[in-house]
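Q: would you be able to build a 3D model of this:
(2 chains)
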Amino acid sequence: MSGHFLETLPCLCSAVQDPGRTGLTFAALIAPEQIRSAAQLCRAAGYHLEDVTVCEVQEGTLAIYHFDRFGRPGRISCMALSTDNSFDSIADIFPGSDWHERECFDFFGTTFAGHPNLIPLLLPPDAQTPPLRKQDGGKVPLTTIFPWAQAPATPEEA
Amino acid sequence: MFTKEQIAERGFYTQHFEQGKQDNTLILNMGPQHPSTHGVLRVMLEIDGEYILRADPVLGYIHRMHEKMAEAKTYAQFITNMGRVDYLHALAWNWAFVGAVEKLGETPPTPRAEYLRVITCELNRISSHLLWWGAYLLDLGAFTPILYAFDDREELLDILQDMTGSRLTYASFTFGGVVADMSDALKERITRFIARLRDRLPMYKSLVTDNFILLGRVEDIGHIPVDMAVRYGATGPVLRGSGVAYDVRRAEPYSVYPGLDFVVPTSERTDALGRYLVRMQELEQSLNIVEQAVAQIPAGDIQAKMPKKPKVPAGEVYFAVEGARGKIGCYLQSDGGGSPYRLKLRAPSFSNLSLFAELSQGTLLADAVSILGSLDLVIPEIDR
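A: Okay, here's the model as predicted:
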């Protein structure tokens, strides 16, 4: 536990990162229902949303939110894992995420509950197959890419 | 994804946009073939007389799915794609990608290559800003400046052609270095170009920047408060035109930028003129950077010893560089294989344009054209 403000959220698995190696200062894996709280915390701490992206791992769909700050720069990565390819939208907290979420919807078919206008952004409206979906055999375990997510800290341990 | 029936029922784009229409207003479609959208951007507008009530950009006309290509190609093959994301500042995208791979693989480039990258990347930034300057003024009805801008830019493209092998879609950065060295003759030409542009910039200022006809079109329109920039993640001159001195070269230092002396120009105006002035000052700053880099460049190899296929360990990395339009980010995930597991390209114009819907509310249609120009959009970068 590093005392980072995101660690006030429950069910957290987090790690301080070395920006010289990963370009991140802090990364956290949170429960999908905590995404909006995390976005609100970041908004209150003066962060802006850099991008939202999705990737597929064996455990499910991973939404990744990158936040950074103009005043005291330091990128943080906030991730949530979903098994039904669906997350809550943060478009009302960070309007910039509107298009990013639509892009994720285009590329992965990921839906964002509460999004004001979830229609295709870059692909034609009648495109049928999300192009970045991976075959089951092509997915890797979460810990291959995020070794720090190996031992999730439980609230009891904290 | 939507079925054909859902599409018909819900209505896409224009049909959907029309559903919120007020009485006595007009739905107007601007683009995708409108000259001021610089490429293929479409903006749906609801206008009341000449005033914009609502605007909604429609993207995707030049979408090429670079992120899918990244997963299908090897690391080295994908470098050529990076010259085609933003055709005006291609070398910044080159840098973002090779920088991400080098950072994850822990294979830094040679010192001489770092300087060559700075020189070519900054010259490319100047050529991008010159084109923006000419094209923006063309949008506003001034024809002559673009001829001067292209005259300068031509000289620059000749230099870059000799340093990179191409004139527009550069792909000269490799993992661990660059493909070609700079000869003494080329050094001489770069020095001459710096003197030439420094000579011309005061003329541009007195003829164009200080011209009251230009000021009438750019002053006090398109105000972007800092909070709006934060909410949408705007970066680059769009952010610096609102007084925030945020530049990736300083905020997240990479390469040899920490050793180079330059300032990050800002303007407190927050309007289109503020963004204009920032870019004009950036031209001077980039000239200073190139001048220092040419003077300081060490001798040595231009390419670090690397295996032909880079070995990229499993993991994630985010590498950001400062492009002409703002923060360019490459978020790379590797599973240790020969191609990226997932590559996310963060385009600055994407975030900078996303605030347009809010920014254009209540402005004159003619001012919206000027605001779009002041955002310096490159549509292929937004669509990727």
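
Q: for the rest of this, base every contact and every neighbour count on C-alpha atoms.
A: Noted.

Q: show me which helix runs longest in chain A.
A: Longest helix in chain A, counting residues (DSSP state H): helix A:97-108.

Q: now do the buried residues in the host helix or strand of B:Arg275.
A: For B:Arg275, the host element (DSSP states H and E) is helix B:272-296. Neighbour counts using 16 or more other CA atoms under 10 Å in any protein chain shown place B:272-280, B:282-294 of helix B:272-296 among the buried residues.

Q: how far away is A:Thr25 from chain B?
A: Using CA to the nearest CA, to the nearest Å, we find A:Thr25 at a distance of 11 Å from chain B.

Q: A:Ala63 is in what secondary structure piece?
A: strand A:60-69.

Q: my read is A:Pro120 is in a helix, agree?
A: No: A:Pro120: not assigned to a helix; according to DSSP: H, G, I helix; E, B strand; the rest coil it is coil.

Q: for it, what are its contacts?
A: Contact analysis of A:Pro120 by CA atoms under 8 Å, 6 or more residues apart in numbering or on different chains lists A:102-103, A:105-106.

Q: with pLDDT, distance to chain B and neighbour count added, can I get those residues in CSV?
A: Listed next are these as CSV, based on pLDDT from 0 to 100; distance: CA to the nearest CA, whole Å; neighbours: other CA atoms under 10 Å in any protein chain shown:
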residue, pLDDT, distance to chain B, neighbour count
A:Arg102, 90, 11, 23
A:Glu103, 92, 10, 23
A:Phe105, 90, 8, 25
A:Asp106, 88, 8, 26
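
Q: note down every partner strand of the helix or strand hosting A:Glu50 and its orientation.
A: Element membership of A:Glu50 [criterion: DSSP H and E] is strand A:47-57. Applying DSSP bridges to the sheet, strand A:47-57 is found paired with strand A:60-69 (antiparallel).

Q: which residue sits closest to the most centrally placed residue in chain A, ignoring its sequence neighbours?
A: The centroid of chain A falls nearest to A:Ile64 when counting by CA atoms, centre = their mean (2.3 Å). Excluding the flanking residues, the one nearest A:Ile64 by CA to CA, 6 or more residues apart in numbering or on different chains is A:Met79, at 4.5 Å.

Q: ok so that neighbour is a helix residue?
A: No: A:Met79 is assigned strand when assessed by three-state DSSP, not a helix.

Q: relative to B:Arg112, how far out is it?
A: Distance, A:Met79 to B:Arg112, using CA to CA, to the nearest Å: 38 Å.

Q: next: B:Leu59.
A: For B:Leu59, the distance to B:Arg112 equals 40 Å [CA to CA].

Q: again with B:Val218
A: For B:Val218 relative to B:Arg112 (CA to CA), the value is 42 Å.

Q: try B:Leu104
A: For B:Leu104, the distance to B:Arg112 equals 21 Å [CA to CA].

Q: next: B:Leu215.
A: From B:Leu215 to B:Arg112 the distance is 43 Å (CA to CA).

Q: and those two? Which one has more around it.
A: Neighbours per residue, other CA atoms under 10 Å in any protein chain shown: of B:Leu215 and B:Arg112, the larger number sits with B:Arg112, 21 against 14.

Q: secondary structure element holding the more buried one?
A: Judged by DSSP H and E, B:Arg112 forms part of helix B:111-139.

Q: closest residue of the stretch 1-150 of chain B to chain A?
A: B:Gly60 (3.9 Å; CA to the nearest CA).

Q: how about the secondary structure of that residue?
A: Applying three-state DSSP to B:Gly60 yields a three-state assignment of coil.

Q: just confirm it contacts A:Glu103, I think it does.
A: No: look at B:Gly60 against A:Glu103 with CA atoms under 8 Å: they stay out of range, at 10.3 Å.

Q: now residue 33, nearest residue through space, not along the chain?
A: By default, I'm working from chain A. The nearest residue in space to A:Glu33 (CA to CA, 6+ apart) is A:Asp88, at 7.2 Å.

Q: I was after chain B.
A: Distances taken as CA to CA, 6+ apart put B:Val40 closest to B:Gln33, at 6.0 Å, once the chain neighbours are dropped.

Q: enumerate every residue touching the one you found.
A: Counting by CA under 8 Å, 6+ apart, B:Val40 has contacts B:31-34, B:61-62, B:379.

Q: looking at these, which one is closest to A:Pro141?
A: Minimum distance to A:Pro141 across those is 33.9 Å, recorded for B:Ile62 (CA to CA).

Q: does that closest one touch B:Arg384 like I think?
A: Yes: here B:Ile62 lies in contact with B:Arg384, judged by CA under 8 Å, at a distance of 7.4 Å.

Q: looking at the two, which one has more neighbours?
A: B:Arg384 (22 against 17).

Q: can you report how many residues neighbour the spatially closest residue to that one that is not a sequence neighbour?
A: Nearest residue to B:Arg384, sequence neighbours excluded (CA to CA, 6+ apart): B:His63, at 5.3 Å. Using other CA under 10 Å, B:His63 has 18 other residues around it.

Q: ok, B:Arg200 next?
A: 14.

Q: what's the answer for the one 5 residues further on, then?
A: Residues lying near B:Lys205 (other CA under 10 Å) number 13.

Q: quick one, grab the pLDDT at A:Ser82.
A: For A:Ser82, the model assigns a pLDDT of 89.

Q: ok, the closest residue to it other than its chain neighbours - contacts?
A: Among residues not flanking A:Ser82 along the chain, A:Thr61 sits closest, at 5.2 Å (CA to CA, 6+ apart). Contacts for A:Thr61 (CA under 8 Å, 6+ apart) come out as A:54-55, A:81-85.

Q: let's see the pLDDT reported for A:Thr61.
A: pLDDT, A:Thr61: 91.

Q: also A:Pro155?
A: 44.

Q: nearest residue to B:Asp158 in space, please, no chain neighbours.
A: Using CA to CA, 6+ apart and skipping the chain neighbours, the partner closest in space to B:Asp158 is B:Arg167 (7.3 Å).

Q: mind listing what the one you found touches?
A: With CA under 8 Å, 6+ apart, B:Arg167 has these contacts: B:157-158, B:160-161.

Q: quick check, nearest of these to chain A?
A: Using CA to the nearest CA, B:Leu160 comes nearest to chain A of those, at 29.6 Å.

Q: does the closest one sit in a helix or strand, and which one?
A: Assessed by DSSP H and E, B:Leu160 sits inside helix B:144-164.

Q: could you check the angle helix B:111-139 makes with that helix?
A: Angle of helix B:144-164 versus helix B:111-139, following axes from the mean of the first three to the mean of the last three CA atoms, to 10 degrees, is 160 degrees.

Q: does anything pack onto helix B:144-164? Which helices or strands?
A: With contacts taken as 3 or more CA pairs under 8 Å, 6 or more residues apart in numbering or on different chains; DSSP states H and E, helix B:144-164 sits against helix B:111-139, helix B:184-204.

Q: now tabulate those helices in a markdown table and tack on distance to B:Ala324.
A: Listed next are the helices and strands packed on helix B:144-164 as a markdown table, based on distance: least, CA to CA, whole Å:
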| stretch | distance to B:Ala324 |
| --- | --- |
| helix B:111-139 | 5 |
| helix B:184-204 | 18 |
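
Q: reformat those helices as CSV; add distance to A:Asp126 and mean pLDDT.
A: Output for the helices and strands packed on helix B:144-164, formatted as CSV (distance: least, CA to CA, whole Å; pLDDT from 0 to 100):
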stretch, distance to A:Asp126, mean pLDDT
helix B:111-139, 34, 92
helix B:184-204, 48, 92
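
Q: tell me the secondary structure for the residue nearest to B:Arg384?
A: B:His63 ends up coil, using three-state DSSP.

Q: what of B:Gln361?
A: coil.

Q: same question for B:Tyr318.
A: Relying on three-state DSSP, one would call B:Tyr318 strand.
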